[in-house]
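Asks: generate a structure from the sequence data that follows.
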Amino acid sequence: MFLAWWDSSKKVDPREKARQGIEAYRVKFKEEPEIVLVGDALGAELGEEVHGLRVETAHYIAANTFYLGQHDPRVHQRGMRG
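Replies: Now for the predicted structure:
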């Protein structure tokens with residue numbers, strides 16, 4: 001299960017946006033996310049980890065969008081970094 005988190009604000013740092021998304025995930029699902037999926041540009045900015053979560057990228061994820069959730073090995077079969 002994933003939570004989509006979108007924030008286009010240029011005033012908020014991407015790491016803070018990720019933190020807000022992580023908190024929203026915790027509130028909604030009552031558990032910790034394992035990974036965050038982002039687009040290539042945002043992934044390059046965040047690096048390989050943000051707030052203890054592995055960052056994975058995919059070219060088809062829109063800018064300013066974070067997908068927070070659980071690791072799914074089937075996703076790696078589709079060519080995502082991770």
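
Asks: leaving out the residues flanking it, which one is nearest to H59?
Replies: Taking C-beta to C-beta, 6 or more residues apart in numbering as the measure, H59 lies nearest to D40, with 5.5 Å between them; neighbours along the chain are not counted. Every residue, glycine included, has its C-beta placed from N, CA and C.

Asks: ok, the one you found - contacts?
Replies: Applying C-beta atoms under 8 Å, 6 or more residues apart in numbering to D40 gives the contacts 57-59.

Asks: ok, A63 - contacts?
Replies: Contacts for A63 (C-beta under 8 Å, 6+ apart) come out as 8, 39, 41-42.

Asks: just L37 next, same as before
Replies: For L37, the residues meeting the contact criterion (C-beta under 8 Å, 6+ apart) are 2, 56-58, 61, 66-69, 75, 80.

Asks: give me the buried subset of those.
Replies: 2, 56-58, 61, 66-69, 80 (16 or more other C-beta atoms under 10 Å).

Asks: beta partners of the residue most central in space within the chain?
Replies: Centrality entry for the chain: nearest residue to the mean C-alpha point is V36, 2.6 Å, by C-alpha atoms, centre = their mean. When assigned by DSSP bridges, V36 has beta-bridge partners V55, L68.

Asks: I'd assumed T65 was in contact with it.
Replies: No. Under the contact definition of C-beta atoms under 8 Å, V36 does not touch T65, with a separation of 10.3 Å.
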